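>>> Pasting a predicted model and its sequence here:
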Amino acid sequence: MTTASLWRRALTVATVATAAIALSGCSILSQVTNGINDVVDPGPGTTQDIFSIEVGDCEAISPGEGEISATRTIDCAEPHETEIYAASYVADGEFPGDAFIEEQAINDCTAEFETFIGANYEDSIYDFSWYYPTAGTWAEGDREILCVVYDISGASITGSLQGVAK
């Protein structure tokens, strides 16, 4: 792993940590800035409630940062921005706070990354983000963290990234 890769990963983790504190609602942490709510012409895909997406879904556009209520899914064979590659769950109980959920998301998404992509996270050309429960969605029973993979260069993806080994 190169020094540039180490700095890139460190910067990504620092950015994610900072953003996690500021976000609310059913949220996603992301390096990509095209928000579903900012798009006048949403383009291809089907608008779906954020709670109906699941592992294997591909998103036509990246939802950006902040509270997310909907996304646009598309067949993974078509050009898309992200793919949901893993899910994990936070244990029931009192809302553990954003910092705890962020730590679990980093650990869980990193652990599943190599299995899904087929390459070590530090050596990959791809990066990840996640959807996560917030205090508001927690009160409604939301415990799911969804791991989202995307091309760090911002390039569109065609086909599933499962097993690409890059």
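Yep, that arrived. Note that the structure is predicted; figures quoted are calculated from it, not measured.

>>> Just the helices from this protein, written as ranges.
3-22, 98-117, 135-138 (DSSP state H).

>>> Kindly spell out which helices and strands sit in contact with the shortest one.
What that stands for is helix 135-138. The criterion is 3 or more C-beta pairs under 8 Å, 6 or more residues apart in numbering; DSSP states H and E, and there are no helices or strands that helix 135-138 contacts. Bear in mind the C-beta positions are built from the backbone N, C-alpha and C, glycine included.

>>> May I see the buried residues of it?
137-138 (16 or more other C-beta atoms under 10 Å).

>>> Begin at 59, not 1, for the rest of this chat.
That works, and once the first residue is 59, the last one we named lands at helix 193-196.

>>> and A197, how many residues sit next to it?
10 (other C-beta atoms under 10 Å).

>>> what residues are up against it?
A197 makes contacts with F153, as judged by C-beta atoms under 8 Å, 6 or more residues apart in numbering.

>>> Got the phi and psi for it?
phi -60, psi -20 (degrees, to the nearest 10).

>>> Do you know the pLDDT at it?
The predicted local distance difference test score for A197 is 92.

>>> Would you mind measuring from it to G114?
28 Å (C-beta to C-beta, to the nearest Å).

>>> now stretch 139-159, how far from the chain's geometric center?
11 Å (C-alpha atoms, centre = their mean, to the nearest Å).

>>> now do stretch 142-160
13 Å.

>>> how long is it end to end?
17 Å (C-alpha to C-alpha, to the nearest Å).
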